[in-house]
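> model the structure of this input:
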Amino acid sequence: MESELPDIYCPFPRRSNPHVEHTREHLDTWTRHTGLVHRPSARRRFEQADFGAFVGMVYPTADGEHLDLVADWFVWLFLVDDQLDDGHLGRSPERVRDVVERMRDVVEGGAPGPLPGEEAPAALVALADLWERTVPQASPHWRARFTWHLMTYLTTATTWEAGNRADGVVPSEETYIARRRHTGAIHVCMDLIEIVAGVGAPESVHNDARFITALEASCNVVCWANDVYSYEKEQVLGEIHNLVHLVRHHRGYGKQQALEHVCAEIAAETTRFLTAEGELLRLYPELAGLLVPYLDGMRSWMRGNLDWSRQTPRYNPADVSQYAEPDAYLEESVLGVSASPPRPGSGGIPPVPDPVRRDSGEARLGAGHGPG
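Residues are numbered from 1 along each chain as shown. You can find the predicted model right below:
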């Protein structure tokens, strides 16, 4: 697969975590215990993706306990995302509204997780477990920021993306770029750097313009590289929320030209990160003990995401036919809602109309980066 795509500039060294094998075993046990992966077909697909290797590449310095924790978060995010992206739930936001609100109750502390004896959705069971294991290690302002990022991911994916699919809206590049950092849940993953590294970045750091730039640029690199590698998969699914697809749609580029264009923008964002990183370390030498591991975590994410994307069968063009039948791997038990289309008269949203309409406003890739 690597030879079929343009080179993606990444000046950071490849690393992996020595605890990966243990984490693979842990994920097998945890996904069975929480019910996130149940059917044999879903289990095979889960094992082929090798999320243990992925988390080891993006958090190479985590100890074994923390690697298990962030791996569980990864799996939860990926499996929920598949439900919202690959199946018919991605066109029917009202069908998942209740479970999303129950997730909000778990992380905002308004209500407990699953009740004793309740057949709750597996994603809710798993989220309650994750939250209980994560919160004791976090400061109040970290919990508030993480909760906001997590709920923004869920609501953006279930309202904005689903609404676009249902209404036939093709978003502009500018709008997509600003929303992509939320729909990709990358801020959630970057927040976990503080848990893994054992550092607590104060709000003054998070509000610094150079830190915001470094974080935004690294998030863009991860999300856009994912769009490059998942492009073939998402074409099979008819997914419009992909930067390569939007560049082709709005600019009239061919496939190869669009891929090269996005890869060039990834290189520009990597350079933007390096500039902001250098400025931060030069201006705040007294904060090196905090900034160095945090920035190193961003570097690891950019490098590790690229390495995993190159090797996982999840994005291999030779295997994209698996996505033609998403019901073969999507499981109703994850969200407690069938991923199949609703029956006539059941209140579901109708299919995307044709032709699709364009989001209002012209946009240019790389312009108008919004705050993360």
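
> flag the shaky bits of the stretch 51-200 of the chain, pLDDT-wise.
For the stretch 51-200 of the chain, the stretches with pLDDT under 70 are 85-94, 110-118.

> now do the helices in it.
51-58, 64-86, 97-108, 122-134, 140-155, 162-167, 173-183, 186-197 (DSSP state H, counting those that start in this stretch).

> closest one to W224 among those?
Proximity to W224, assessed across those by CB to CB, is greatest for helix 173-183 (7.7 Å). C-beta here means a position set from N, CA and C on the backbone, and glycine is covered the same way.

> hang on, the earlier thing: the helices of the stretch 51-200 of the chain into JSON lines, with extra columns for mean neighbour count and distance to S309?
Output for the helices of the stretch 51-200 of the chain, formatted as JSON lines (neighbours: other CB atoms under 10 Å; distance: least, CB to CB, whole Å):
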{"stretch": "helix 51-58", "mean neighbour count": "25", "distance to S309": "9"}
{"stretch": "helix 64-86", "mean neighbour count": "21", "distance to S309": "13"}
{"stretch": "helix 97-108", "mean neighbour count": "18", "distance to S309": "27"}
{"stretch": "helix 122-134", "mean neighbour count": "20", "distance to S309": "24"}
{"stretch": "helix 140-155", "mean neighbour count": "18", "distance to S309": "20"}
{"stretch": "helix 162-167", "mean neighbour count": "19", "distance to S309": "24"}
{"stretch": "helix 173-183", "mean neighbour count": "22", "distance to S309": "16"}
{"stretch": "helix 186-197", "mean neighbour count": "22", "distance to S309": "14"}
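
> I'd like those laid out as JSON lines, including distance to L243.
Converted to JSON lines, the helices of the stretch 51-200 of the chain look like this (distance: least, CB to CB, whole Å):
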{"stretch": "helix 51-58", "distance to L243": "20"}
{"stretch": "helix 64-86", "distance to L243": "15"}
{"stretch": "helix 97-108", "distance to L243": "25"}
{"stretch": "helix 122-134", "distance to L243": "27"}
{"stretch": "helix 140-155", "distance to L243": "18"}
{"stretch": "helix 162-167", "distance to L243": "14"}
{"stretch": "helix 173-183", "distance to L243": "7"}
{"stretch": "helix 186-197", "distance to L243": "14"}
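
> out of the ones you listed, which is closest to L246?
Closest among the helices of the stretch 51-200 of the chain, using CB to CB: helix 173-183, at 5.4 Å.

> relative to H38, which of the helices of the stretch 51-200 of the chain is closest?
helix 122-134 (7.7 Å).

> and that closest one, what does it pack against?
helix 20-34, helix 64-86, helix 97-108, helix 332-335 (3 or more CB pairs under 8 Å, 6 or more residues apart in numbering; DSSP states H and E).

> tabulate the ones you listed (TSV), appending distance to A225.
Rendered in TSV, the data for these read as follows (distance: least, CB to CB, whole Å):
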stretch	distance to A225
helix 20-34	21
helix 64-86	16
helix 97-108	28
helix 332-335	26
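
> between these, which one is closest to I193.
In terms of CB to CB, the element of the helices and strands packed on helix 122-134 nearest to I193 is helix 64-86, at 9.2 Å.

> distance of the residue lying closest to W308 once chain neighbours are set aside relative to Y315?
Nearest residue to W308 in three dimensions, chain neighbours excluded: F54, at 4.3 Å (CB to CB, 6 or more residues apart in numbering). F54 sits 12 Å away from Y315, going by CB to CB, to the nearest Å.

> nearest residue to the middle of the protein?
G184 (3.3 Å; CA atoms, centre = their mean).

> and that one, what are its phi and psi?
Torsion angles at G184 (phi, psi; degrees, to the nearest 10) stand at phi -90, psi 0.

> so who does the residue nearest to it when sequence neighbours are not counted touch?
Counting by CB to CB, 6+ apart, G184 lies nearest to C223, which is 4.5 Å off, once chain neighbours are set aside. By CB atoms under 8 Å, 6 or more residues apart in numbering, the residues touching C223 are R180, R181, G184, I186, L243.
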